[in-house]
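1. just a sequence and a predicted model for now, questions to come.
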Amino acid sequence: MTNPSLPIMYVRPRPVQSERDAGTSLVGDSNFSFAAKTNSVPVIATEFTLLCKFFPILFADSALSQPLALLGVRTEENLFVNADGQWETDIYVPAYVRRYPFIFMEDKERGEFTLCVDDASANLVKDDSNPLFKDGKPTELTDRALEFCRQFQAQHAATADFVKALVDNDLLVENRADITLLNGTKLSLNGFKVIDEARFNALPAEEFLRWRERGWLHLAYCHFISISNWAGLIERVAKR
């Protein structure tokens, strides 16, 4: 079973260390089998424009209400990863997925983030083909991973400001999707929220202008556009 306290997709994240990872390489970055059983992933505001073309953007029905890209309508099924572990051609890969197997983990006592790697990743091997360290120093691979995680974390914080504005203005409402496939199979998806369009359109003028200045109007519109992707997900389920 997956540990609910761990980030989605990660099994055994641990700090990247020069001594421990001497002789450790990362290979096979085109295989996405690790995401095959993930039906949603957290997303950041800067990718909403691309996400809304392919996936419904929803909000977790939790204390954090973080935005998510819906990748499948059934538990443990990602409709965009095929049986060979390949992400479907010409479909955007969310940053959360591209970041794997690296991740920033927060040390709350010290108030800092540490670059970690999922020790369970099949792409982490013991050889020198694409090393994390060379002569005790981080390679370009590790430096790129560190920078990617830094940027992701910064954007995650900025996205949280947008979500807070949604919550403060009472714009998020619980939703439920009841789906009937062509063969008669009924599916139900709940545990998520959407932006109430009527409440959004009723935002006071002063608040609306603040949203425009912060770039949040664009994010809300991307969310509304993304809802049209439900039909595409249902078609994918039917094909499977």
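-> Everything's here; your move. Numbering: from 1, shown residues only.
2. okay, buried residues for the one helix or strand Cys149 maps to please.
-> Using DSSP states H and E, Cys149 sits in helix 140-168. Residues of helix 140-168 classed as buried by neighbour count (16 or more other CB atoms under 10 Å): 141-142, 145-146, 148-149, 152, 155-156, 159-160, 162-163, 165-166. In this view, the C-beta of every residue, glycine as well, is placed from N, C-alpha and C.
3. how near is Asp61 to Phe80?
-> 23 Å (CB to CB, to the nearest Å).
4. quick one: the helices in the protein?
-> Remark: helices assigned in the chain by DSSP state H are 48-51, 95-99, 140-168, 197-201, 205-214, 216-226, 230-239.
5. tell me the contacts of Lys193?
-> 58-61, 65, 172-175 (CB atoms under 8 Å, 6 or more residues apart in numbering).
6. my error: substitute Phe224 in the last question.
-> Applying CB under 8 Å, 6+ apart to Phe224 gives the contacts 195, 197.
7. for it, give its distance to Asn201.
-> When distance is defined by CB to CB, Phe224 is 11 Å away from Asn201.
8. again, but for His156
-> 28 Å.
9. in a markdown table: the helices of the chain, plus distance to Asp127 and mean pLDDT.
-> Converted to a markdown table, these look like this (distance: least, CB to CB, whole Å; pLDDT from 0 to 100):
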| stretch | distance to Asp127 | mean pLDDT |
| --- | --- | --- |
| helix 48-51 | 35 | 98 |
| helix 95-99 | 23 | 97 |
| helix 140-168 | 14 | 96 |
| helix 197-201 | 53 | 97 |
| helix 205-214 | 47 | 96 |
| helix 216-226 | 41 | 98 |
| helix 230-239 | 37 | 86 |
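10. out of the ones you listed, which is closest to Ala69?
-> Nearest of the helices of the chain to Ala69, taken as CB to CB: helix 48-51 at 5.4 Å.
11. tell me what the closest one is packed against?
-> For helix 48-51, the packing partners by 3 or more CB pairs under 8 Å, 6 or more residues apart in numbering; DSSP states H and E come out as helix 216-226.
12. so for the helix it packs on, what gets flagged as buried?
-> For helix 216-226, by 16+ other CB under 10 Å, it's 216-217, 219-220, 222-223, 225-226.
13. out of the buried residues of helix 140-168, the closest to Asp90 would be?
-> Asp90 has its nearest neighbour among the buried residues of helix 140-168 in Phe148, at 22.3 Å by CB to CB.
14. quick check: that closest one touching Phe104?
-> No: using CB atoms under 8 Å, Phe148 makes no contact with Phe104, being 9.7 Å away.
15. need the overlap of contacts for those two.
-> Among the neighbours of Phe148, none is also in contact with Phe104 (CB under 8 Å, 6+ apart).
16. give the bridge partners for Val117, please.
-> Counting by DSSP bridges, Val117 is bridged to Arg14, Phe102.
17. show me what contacts it?
-> Residues in contact with Val117 (CB under 8 Å, 6+ apart) are 13-14, 16, 21, 101-103, 124, 132.
18. for these, give me CSV that also has neighbour count, pLDDT and distance to Thr114.
-> Formatted as CSV, the contacts of Val117 follow (neighbours: other CB atoms under 10 Å; pLDDT from 0 to 100; distance: CB to CB, whole Å):
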residue, neighbour count, pLDDT, distance to Thr114
Pro13, 21, 95, 10
Arg14, 14, 95, 10
Val16, 19, 96, 8
Asp21, 20, 94, 13
Pro101, 22, 96, 15
Phe102, 24, 97, 11
Ile103, 22, 96, 10
Leu124, 17, 94, 17
Leu132, 23, 97, 14
